[in-house]
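Colleague: I would like the atomic coordinates for the input below:
(4 chains)
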Number of protein chains: 2
Amino acid sequence: MQNPLQILTRSGLAREAGVNLETIRFYENKGLLPAPERNASGYRQYDEADAQRLVFIRRAQNLGFTLREIKELLSLRALPKKSNLAVKQLAEQKIEAITAKIRDLKQMKQALEAISSACDGHGTTSECPILQAMEGRRSTANGCKAGGTK
Amino acid sequence: MQNPLQILTRSGLAREAGVNLETIRFYENKGLLPAPERNASGYRQYDEADAQRLVFIRRAQNLGFTLREIKELLSLRALPKKSNLAVKQLAEQKIEAITAKIRDLKQMKQALEAISSACDGHGTTSECPILQAMEGRRSTANGCKAGGTK
DNA sequence: TTTGACCCTGTAGTTTACTACAGAGACCAG
DNA sequence: CTGGTCTCTGTAGTAAACTACAGGGTCAAA
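Modeller: Numbers count the residues shown, from 1 in each chain, chains lettered A, B, ... in the order given. I've put the predicted structure just below:
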């Protein structure tokens, strides 16, 4: 317990947490990092808790959470006595969203494989089954429903 | 064969193809739609080929292609005598990319399910396994490798 | 002739998550 | 005291794919 409050500069924190220098100020503006203490010259002063917070953010990102959602997770984390139900729900919702995305991508892949397999790459573009499928001249794959994304 | 060249206004084309009015000008700037003929007042004049082109774009989008890639597909389509090998390759690359994305999402989902299943939602945030996993206090899921995305 | 619907242009805003830059001030070594 | 390296601020740029708006011109019907 020699340095319970080691002071980090902004670049020090960036190094520590493995993020870009500017990311820190960006997160501060977004409310993901609290506005830190300043020294006499106005320099930001960080500590290990801030580094931990950045690690938290990065891990949550790797699990698929957006910064908006991570902000919510952080605010829940800040209330130790609160029920963790909301956290669980956020996780479940994210799992659902990922599942849906995987489903969509699989469907997309399947449609693309179907039309791609109809093309051997040894003809001209004018008779290419892939291009024809995109033109709607052939419904090689049944998919390609209009107005899909939104 | 009564109207082999029915003239469409911009809003007419938008209606026909089911896209937003401004999208058309956006695509023109991006080079996805050719600059159309203009009438005496400078109004854009489209025809059925333009509507087909928009349909092509939408279908290709539904198959996961970006506008940049679609531009390439369109330029290949414009050369009927050219080999369709490049088209086939673009399709194969896209399938690869989708496959990779599905793999990443599955891994993400698995990690999230592992840490989420450790939480029943009946405790406080201070002892929430999900938050702990994000803090790195528990490596509930082995994943969460740093520096994942890029 | 007036009104409303359309069209034109350039530009700016949206979302997500940063990243970069310019111009100014601070700090430390030599 | 002079460099060079830090830090500060506000703002702008990146990618992707649009979407919206302001300020004007055009056209057709009543």
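
Colleague: could you give me the average pLDDT of the host helix or strand of A:I24?
Modeller: Per DSSP states H and E, A:I24 falls inside helix A:21-30. The average pLDDT within helix A:21-30 is 95.

Colleague: A:F65 falls within a strand, correct?
Modeller: No: read with DSSP: H, G, I helix; E, B strand; the rest coil, A:F65 is coil and lies in no strand.

Colleague: give the contact list for it.
Modeller: A:L73, A:L90, A:K94 (Cβ atoms under 8 Å, 6 or more residues apart in numbering or on different chains). The way it works is simple: take the backbone N, C-alpha and C, and place the C-beta from them, glycine included.

Colleague: redo that, cut-off 6 Å
Modeller: A:F65 makes contact with no residue, according to Cβ atoms under 6 Å, 6 or more residues apart in numbering or on different chains.

Colleague: For chain A, just list every one of the helices.
Modeller: A:10-17, A:21-30, A:48-62, A:67-77, A:85-117, A:129-135 (DSSP state H).

Colleague: hmm, back to that, list the buried ones in the helix holding A:I24?
Modeller: The neighbour-count check on helix A:21-30 (16 or more other Cβ atoms under 10 Å in any protein chain shown) flags A:T23, A:I24, A:Y27 as buried.

Colleague: from what I can see the last one touches A:L33, true?
Modeller: Yes: because the distance of 4.4 Å satisfies Cβ atoms under 6 Å, A:Y27 is recorded as touching A:L33.

Colleague: neighbours around the residue lying closest to A:L73 once chain neighbours are set aside, how many?
Modeller: Leaving out its chain neighbours, the residue that sits closest to A:L73 by Cβ to Cβ, 6 or more residues apart in numbering or on different chains is A:A60, at 6.0 Å. For A:A60, the neighbour count with other Cβ atoms under 10 Å in any protein chain shown is 25.
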